[in-house]
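# sequence and predicted structure are below.
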Amino acid sequence: MSVYEKDRRRNKVLFWNLQGRYAILYNILLKLIYEVITMEPIYVTGHKSPDTDSICSSFGMARLKQLQGIDAVPVRAGEINKETAFALDYFGVKPQQLMSDFYVKVEDAVHRNLKPLAEEASLKDAALWFNEHDQHAFAPVVKGNKLVGVLERSALAEEFIKTVTGAELDTVRALVHEPQMTFSVNDNGHDVPETGCYVVVDGADYVGVVSADSVAHAPKKQVFLVDHNEKKQIIDGIDEAQIVGVVDHHRIGGTLATDGPIFIHFRPVGCTATMVTSLYNESGTEIPKEIAGLLLSAIISDTVLFRSPTCTEEDKAAAAQLAEIAGVEIEKYGMEMLKAGANVSDLTPDEIVRNDMKEFNGNGKTFTVAQVQVMDTTDLLDQKQVLINALEKLRADNDYIAAFLMITSIIDEATNLIYAGNMDGVVSKAFEKDVLSSEVYLPGVMSRKKQVIPQILSAL
Ligand SMILES: [Mn+2]
């Protein structure tokens, strides 16, 4: 009897020794403990190329859930920009964990309870192993924890024919060969072939086996979206995860389809953090000081210190409440933070045209709009041709129909929109203006969401 089998029998005896309802109770308790241990957290994330709102609302929303006793983890979809870095540093918060994708990993789907055979195992041990694991065509073979290879059921059967005529092998070692395909715990589950069962390793160590079926049954990651809902802006692999909630202030774009009913919160306010603030208030939860500072930073950023036309009275009221808790003076702190973000002097042209970039899709056409907010646009406009070349490279490399860059002056409250792609007609139609060498000047325009995207989409 294998150790595994003994274990199983002992557990059975233990279980049945408990009488009637106690056994049931014991079972329920075990299940509960198991669920608590294996319970997946809710990942709270903002959009790709995260801005201050995406980073800070992720922190704010995750903390609210934690305060409500829910296991939530703030994550980010990309690198922190300078403005956000200033805010995080100011309120003493370290950036959250970077999440590269939500794909189901082999690690989530691996069967860990398939005991391997030791390479010193005798032919009889091997036969007993296959007898116990009658669905398995091969046995993983290890030396210590290290995977040595696999032993095929057929190879063992073949060997037994030989043993009848004499010379029996001492161990299975000679029959073991390298598996044709193995998976690492970090591999994506969707790469596991439709048929067959495969050995999973962690480095050189044996972990277990995986199949397409176990991948299909692996628990999905639970994801809470803040500050975005369009597929192209969500961290990759969201189709293999489960969206459990959305708090956003953008248009509903693309097809946000979910498996079940979800918590959803959309309002046409200037900032997601404003909504997060009201969720704290509605639930009667006190806002922690550093979270208040971060949420305030998000509102200042998204509304460009209340200058943006997207700014509402609700944003201003939330900012006042948050500033009080955080203990900062809004105008002073706000200008400092915006200045920290507005310094683009150390960015390369490639970085500038990807700054705060978002992808959009209209009529099946994909384009990007990046934005830099600066105190003075002169330096950037002086290198306009270099920036347009960088935009053209970005456009061509990704097969976009266009790549736009908004050069927005916080002081003048205006935007110079420059672009690559055959867009002169679209741009002049969108903004009812004549374009001049891939540029249009838009006084009063600060908001991509409200003053640029809808206009381009309707002109496409
Ligand atoms: Mn936002």
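Everything's here; your move. This structure is a prediction, so every number in the text was calculated from the model and none was measured.

# how far off centre is stretch 115-131?
Put simply, stretch 115-131 sits 42 Å off its chain's centre (Cα atoms, centre = their mean, to the nearest Å).

# next: stretch 56-74.
Centroid separation between stretch 56-74 and its chain, computed with Cα atoms, centre = their mean, is 15 Å.

# ok, stretch 166-186 next?
Offset of stretch 166-186 from its chain centre (Cα atoms, centre = their mean): 38 Å.

# grab the CA positions of it and hand them over as CSV.
The C-alpha trace of stretch 166-186 is given here as CSV (Å, rounded to 0.1, in the frame of the first residue of the first chain):
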residue,chain,number,x,y,z
GLY,A,166,15.1,-13.7,-17.0
ALA,A,167,17.1,-10.6,-16.1
GLU,A,168,14.7,-8.3,-14.2
LEU,A,169,15.7,-4.7,-13.9
ASP,A,170,16.4,-3.5,-10.3
THR,A,171,14.9,-0.1,-10.8
VAL,A,172,12.8,1.7,-13.3
ARG,A,173,15.6,4.1,-14.1
ALA,A,174,16.6,2.6,-17.4
LEU,A,175,13.0,2.9,-18.7
VAL,A,176,12.6,6.6,-17.9
HIS,A,177,12.8,9.1,-20.7
GLU,A,178,12.5,12.9,-21.0
PRO,A,179,9.0,14.1,-21.4
GLN,A,180,8.2,15.6,-24.8
MET,A,181,6.7,18.6,-23.3
THR,A,182,6.7,20.1,-19.8
PHE,A,183,5.1,23.2,-18.4
SER,A,184,6.5,25.7,-15.9
VAL,A,185,4.3,27.0,-13.1
ASN,A,186,4.5,30.5,-14.7
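
# would you map the strands across the stretch 51-200 of the chain?
Assigned by DSSP state E, counting those that start in this stretch, the stretch 51-200 of the chain shows strands spanning 72-76, 97-98, 117-118, 138-143, 146-152, 182-184, 197-202.

# can you put the ones you listed in JSON lines and add mean pLDDT, distance to the ion and mean neighbour count?
Placement of C-beta: from N, CA and C, glycine included. JSON lines is the format used below for the strands of the stretch 51-200 of the chain (pLDDT from 0 to 100; distance: least, Cβ to the ion, whole Å; neighbours: other Cβ atoms under 10 Å):
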{"stretch": "strand 72-76", "mean pLDDT": "98", "distance to the ion": "14", "mean neighbour count": "22"}
{"stretch": "strand 97-98", "mean pLDDT": "97", "distance to the ion": "19", "mean neighbour count": "12"}
{"stretch": "strand 117-118", "mean pLDDT": "96", "distance to the ion": "56", "mean neighbour count": "20"}
{"stretch": "strand 138-143", "mean pLDDT": "96", "distance to the ion": "49", "mean neighbour count": "23"}
{"stretch": "strand 146-152", "mean pLDDT": "96", "distance to the ion": "48", "mean neighbour count": "21"}
{"stretch": "strand 182-184", "mean pLDDT": "97", "distance to the ion": "37", "mean neighbour count": "19"}
{"stretch": "strand 197-202", "mean pLDDT": "96", "distance to the ion": "39", "mean neighbour count": "21"}
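
# would you turn those strands into CSV with distance to F91?
Output for these, formatted as CSV (distance: least, Cβ to Cβ, whole Å):
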stretch, distance to F91
strand 72-76, 14
strand 97-98, 18
strand 117-118, 55
strand 138-143, 50
strand 146-152, 47
strand 182-184, 39
strand 197-202, 38
